[in-house]
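Engineer: Fold the following, please.
(4 chains)
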There are 2 protein chains.
Amino acid sequence: MKRARSYSRVTKQALSILGKLIKAGRLERKLTATELSERAGITRKTLRNIENGEAGTEIGVVFEVAALVGVRLFDFDDRTLAMHNARLEEKLTLLPKSVRHSKQEVDDDF
Amino acid sequence: MKRARSYSRVTKQALSILGKLIKAGRLERKLTATELSERAGITRKTLRNIENGEAGTEIGVVFEVAALVGVRLFDFDDRTLAMHNARLEEKLTLLPKSVRHSKQEVDDDF
DNA sequence: CAACAATGAGCATTTAAAGAACCATATAGT
DNA sequence: ACTATATGGTTCTTTAAATGCTCATTGTTG
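Structural biologist: Residues are numbered from 1 along each chain as shown, chains lettered A, B, ... in the order given. Sure thing, here's the model as predicted:
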């Protein structure tokens, strides 16, 4: 089942910022909500959800819309993005592939 | 209805990067997938989707998990995030609230 | 200031993602 | 090398998000 969720402050704020960046990008490019939603292959309502920073939208769509109005997620262009991806791939192969916990309590939570 | 979607290169790459950052963050903090998913209130499967850069996960959950392993979306901490949010709010009030198109074609697409 | 376009919002339907419980495989630690 | 455990992957069910209308409201521009 899909549970109803609650989100932390940072998450809400990050979502709010992303939504506002997208809306600002759209307005600056003089695109109507209908136009942008059509280009993105979504409905106006979904676009509004995104611009309002709703947490429930699927991330791929949000990123897609962001790209359409020139909002770069990692401040990188396509090429640099690929580079970082490759470097991360490397880094991951170096890290242990699974995390193992010793039997005795090693909770470093405090 | 929910349509099946396709995503652009940049989107896929951004998602892939984000997933890898989260996985790396998790491993560095020596958290098992089960542990992290429990803390995030999701199942291991959803976490795996996120770490694999699947586009279909809801953005709020992804951001939440990212925060849990110390991946900051905008390179900002909580306070700075709030500041940027406020500034964006301002910027949006200055921008026209709706985009109007003159009757004649003003496609600036080329 | 009037007309019209853009936005906001509600509702029923559809569908894909999340959940839950599995088993198989890979891998870290002894 | 063994072994316990973490991870990968599958199936079925559930449920909430996206759609596709429609109507109301806002706001721009002639």
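Engineer: Does chain B have contacts with the helix or strand containing residue A:67?
Structural biologist: Assigned by DSSP states H and E, residue A:67 belongs to helix A:59-68. Yes. Using Cβ under 8 Å from any Cβ of the partner chain, helix A:59-68 reaches chain B at A:59, A:60, A:61, A:62, A:63, A:64, A:67. In this view, the C-beta of every residue, glycine as well, is placed from N, C-alpha and C.
Engineer: In this model residue B:14 seems to touch the fifth one, though I could be wrong.
Structural biologist: Yes. Counting by Cβ atoms under 8 Å, a contact exists between residue A:63 and residue B:14, whose distance comes to 5.4 Å.
Engineer: which one of these two has more residues nearby?
Structural biologist: Shown here are residue A:63 and residue B:14; by other Cβ atoms under 10 Å in any protein chain shown, residue B:14 has more neighbours (28 against 24).
Engineer: For the more buried one, give its distance to DNA strand D.
Structural biologist: Using Cβ to the nearest atom of the strand, to the nearest Å, residue B:14 is found at 17 Å from DNA strand D.
Engineer: can you confirm that residue is in a helix?
Structural biologist: Yes. Residue B:14: assigned to a helix according to DSSP: H, G, I helix; E, B strand; the rest coil.
Engineer: For burial, what's the neighbour tally of the spatially closest residue to it that is not a sequence neighbour?
Structural biologist: Closest residue to residue B:14 apart from its sequence neighbours, by Cβ to Cβ, 6 or more residues apart in numbering or on different chains: residue A:73 at 4.7 Å. Residues near residue A:73, counting by other Cβ under 10 Å, number 21.
Engineer: And the helices in chain A?
Structural biologist: Secondary structure of chain A (DSSP state H): helices located at A:9-28, A:33-40, A:44-51, A:59-68, A:78-94.
Engineer: Check the spacing between residue A:89 and DNA strand C real quick.
Structural biologist: Distance from residue A:89 to DNA strand C, by Cβ to the nearest atom of the strand: 15 Å.
Engineer: Identify the residues contacting that residue.
Structural biologist: For residue A:89, the contact set (Cβ atoms under 8 Å, 6 or more residues apart in numbering or on different chains) comprises residue B:20.
Engineer: got it, and the one 3 residues further on?
Structural biologist: When the contact criterion is Cβ under 8 Å, 6+ apart, the partners of residue A:92 are B:20, B:23, B:24, B:27.
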